[in-house]
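Asks: dropping the sequence and predicted coords here.
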Amino acid sequence: LDYTATTALALNGGTIKDFGGNNATLTLAAPAAAGSLGANKAIVLDSSVPYVLSGADMWFRADQLGLSDNDLVSSWSDSVNGTVTVSASGGNRPTYKATAVEGRPAVYFDSSSADYMESATGALSGNQSHTMIAVVMRPPNGFGQATTYNGFMYYSNGTTNANSTVGIQSGLYWLGGYGIVTPTGSDLQAVSSSKMILTKVYNGSGVVGYLNGTSDASNGNTYNFSDTKIALGVHWGTASQAGFYMTDALFYHSALNTADRIFTECYFADKYGISVSHNCSTAATDYPNIINISSNKANGTYTSGEVI
C-alpha cells in the first residue's frame, strides 16, 4: 500500500491548517522511504494453499440468517447451496439472538415452548455414512426436559435404526438414534462446558462420538435410512424438545477422516472460543470455510497487522 509521488496528497479545493492558521506541508516522504505509507503499511499476500474441506452437504449458520435480535425464526436455509430448509410455525418457532455466543448470533430453542424446526424428507437413504456436528450453548436455565432424550439435530423417518441423533439425556451428552444406542454407561458424558462442539461420525459399520474433540462413545450398530428428514431441537417427531442456543449445524453425507474432523472442530473452537483437545495453534484464526468454496476468514474481518 503506497502512493505514487511526493506530491500525491491533493486537497481538492480544501485546506489543512493548524491552530495558528498555518497551511500544512503537503509534501510526502518519497514512496517506500522511511516515514512513507508503504514503509509502514505493507499488505502481505499469503501464497500458501489453504486447507479446504470439501463435501459438506448442509450447513445451517445462525450468522447467515440476517435477522434482528428476538425475531422468531420461521425458516433456516443451509449455506452450502440453499436447497435444504428447516422450518417452524406458530409457537414452535425458535428465537434469533444477535449476540448470544461470543458476541455472535445463535438460534435459541426454548424447551418450555417446544421449539423445533424440521425439513422435508429425503436426506439419507440405506446404510449411508454421515457426519453430524452441532455447535450449541447451554442456556442459563439449563437444557430443559432433563429426563428425556433431547436431540439437537437428527435424521429420521420414525422407524427402528433410521434415526441418527446427537443431543443430551438427563443433562449428559448422548449420541445415537432410535433403536441404536441406549443412553447409559459409556454412551454418556457429563456436560462440563456451557459451549459445546458435538460430533458424530458414522462410517457404515459403527458410530464414534466426540465432545469438544474428545472421543466419548462408540458402537458397532448400523442404520437403515428411508424417507428421512433433518430436524433441529427435537429427538423424534415432535417429542423431546431440548432448550439450547445453536450457532451451527453441519452435515456431511460421508464419514470424516480424523484430519478433516479435527480441522472442522478447530474451526468452530476458534470461532466461538471453545476449548478442545486438539492443538489448533498452527492455523491461528485464518481458517477458510469448511465447505468447498473459498473464504478469507471465519468472521470476515481483519485487525491491524494481520496477514491477508
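Replies: Yep, that arrived.

Asks: quick one, helices of this protein?
Replies: With DSSP state H, the ranges of helices along the chain come out as 37-40, 258-272.

Asks: hey, which of these is tucked in deepest?
Replies: Across the helices of the chain, averaging neighbours per residue (mean count of other Cβ atoms under 10 Å) puts helix 258-272 on top, at a mean of 20. All C-beta atoms are positioned from the backbone trio N, CA, C, and that covers glycine.

Asks: helices or strands next to that helix in the packing?
Replies: Contact here means 3 or more Cβ pairs under 8 Å, 6 or more residues apart in numbering; DSSP states H and E; on that basis helix 258-272 packs against strand 130-137, strand 195-202, strand 244-252.

Asks: mean confidence for that helix?
Replies: For helix 258-272, the mean per-residue pLDDT is 87.

Asks: among the helices of the chain, which is nearest residue 21?
Replies: helix 37-40 (27.2 Å; Cβ to Cβ).

Asks: reformat the helices of the chain as TSV; add distance to residue 232.
Replies: Output for the helices of the chain, formatted as TSV (distance: least, Cβ to Cβ, whole Å):
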stretch	distance to residue 232
helix 37-40	48
helix 258-272	16
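
Asks: so where's the protein uncertain?
Replies: 1, 42-55, 121-123, 141-151, 155-162, 168-193, 217, 227, 235-242, 281-308 (pLDDT under 70).

Asks: follow-up on the earlier one: please dump the helices and strands packed on helix 258-272 into a markdown table; it should also carry mean neighbour count and distance to residue 120 for every row.
Replies: A markdown table is the format used below for the helices and strands packed on helix 258-272 (neighbours: other Cβ atoms under 10 Å; distance: least, Cβ to Cβ, whole Å):
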| stretch | mean neighbour count | distance to residue 120 |
| --- | --- | --- |
| strand 130-137 | 25 | 18 |
| strand 195-202 | 24 | 22 |
| strand 244-252 | 25 | 15 |
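
Asks: the ones you listed: which one's closest to residue 106?
Replies: strand 244-252 (4.1 Å).

Asks: now tell me what touches the closest one from outside.
Replies: With contacts defined as Cβ atoms under 8 Å, 6 or more residues apart in numbering, strand 244-252 is touched by 55-63, 97, 100-101, 104-109, 123, 130-139, 143, 152-153, 230, 232-233, 264, 268, 272, 290.

Asks: and stretch 71-91, by the same measure?
Replies: Here stretch 71-91 makes contact (Cβ under 8 Å, 6+ apart) with 56-61, 64-65, 67, 93-96, 107, 113-119, 123, 230-232, 291.

Asks: one more time with 6 Å, if that's ok
Replies: 56, 58-61, 64, 93-94, 96, 107, 113, 117-119, 232, 291 (Cβ atoms under 6 Å, 6 or more residues apart in numbering).

Asks: same deal with stretch 114-134?
Replies: 84, 86, 88, 92, 94, 109, 152-153, 155, 166, 198-204, 222-223, 225, 227-234, 241, 249-256.

Asks: quick one: the strands in the stretch 151-300 of the chain?
Replies: With DSSP state E, counting those that start in this stretch, the ranges of strands along the stretch 151-300 of the chain come out as 164-169, 172-176, 188-190, 195-202, 207-211, 214-219, 230-232, 244-252.

Asks: nearest to residue 27, of those?
Replies: Taking the strands of the stretch 151-300 of the chain one by one with Cβ to Cβ, strand 244-252 is closest: 51.6 Å.

Asks: ok so, going back, wait, which of the strands of the stretch 151-300 of the chain is closest to residue 25?
Replies: Per Cβ to Cβ, nearest to residue 25 of the strands of the stretch 151-300 of the chain: strand 244-252, 51.5 Å.
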